[in-house]
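# Here you go, sequence then predicted model.
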Amino acid sequence: MSQQAIIRGEVSFRAGDGMLMPIPDGPVDIEVADDSVTLGWMEGNDPGSAAITRDEFDRYVREGKIRLS
């Protein structure tokens with residue numbers, strides 16, 4: 001299932017085993033799977049994408065940091 005959303009607040013993902021990386025405020029495309037959610041965005045001319053767990057996604061939505069369209 002593909003949807004649009006807006007990031008408003010601190011939303012981050014872990015790049016591999018590395019540091020937490022922020023997802024910039026603004027529009028994102030989201031793809032929801034059973035156990036994860038993939039977010040895609042543009043930062044300037046550079047596309048970005050990240051997968052987060054469904055639990056993290058649900059928490060960000062509850063906190064108002066990801067606002068579904």
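Arrived safely, thanks for sending.

# isn't residue 36 right next to residue 50, touching?
No. Between residue 36 and residue 50 there is no contact, the gap being 10.0 Å when judged by Cβ atoms under 8 Å. Backbone N, C-alpha and C define where each C-beta goes, glycine included.

# The protein: strands as residue ranges?
Applying DSSP state E to the chain gives strands spanning 2-7, 11-14, 20-23, 26-32, 36-43, 46-53, 66-68.

# For residue 1, report the pLDDT, please.
If you check residue 1, the pLDDT there is 63.

# about what we covered before: got a markdown table for the strands of the chain, with distance to residue 60 and mean neighbour count too?
Formatted as a markdown table, these follow (distance: least, Cβ to Cβ, whole Å; neighbours: other Cβ atoms under 10 Å):
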| stretch | distance to residue 60 | mean neighbour count |
| --- | --- | --- |
| strand 2-7 | 8 | 14 |
| strand 11-14 | 5 | 17 |
| strand 20-23 | 9 | 13 |
| strand 26-32 | 11 | 15 |
| strand 36-43 | 9 | 17 |
| strand 46-53 | 8 | 14 |
| strand 66-68 | 4 | 15 |
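
# What distance do you get for residue 28 to residue 13?
Separation of residue 28 from residue 13 (Cβ to Cβ, to the nearest Å) stands at 11 Å.

# Quickly list what's touching both of the two.
Common contacts of residue 28 and residue 13, defined by Cβ atoms under 8 Å, 6 or more residues apart in numbering, comprise residue 39.

# Which pLDDT value goes with the most centrally placed residue in the chain?
For the chain, the residue sitting closest to the mean C-alpha position, by Cα atoms, centre = their mean, is residue 39 at 4.2 Å. pLDDT for residue 39: 97.
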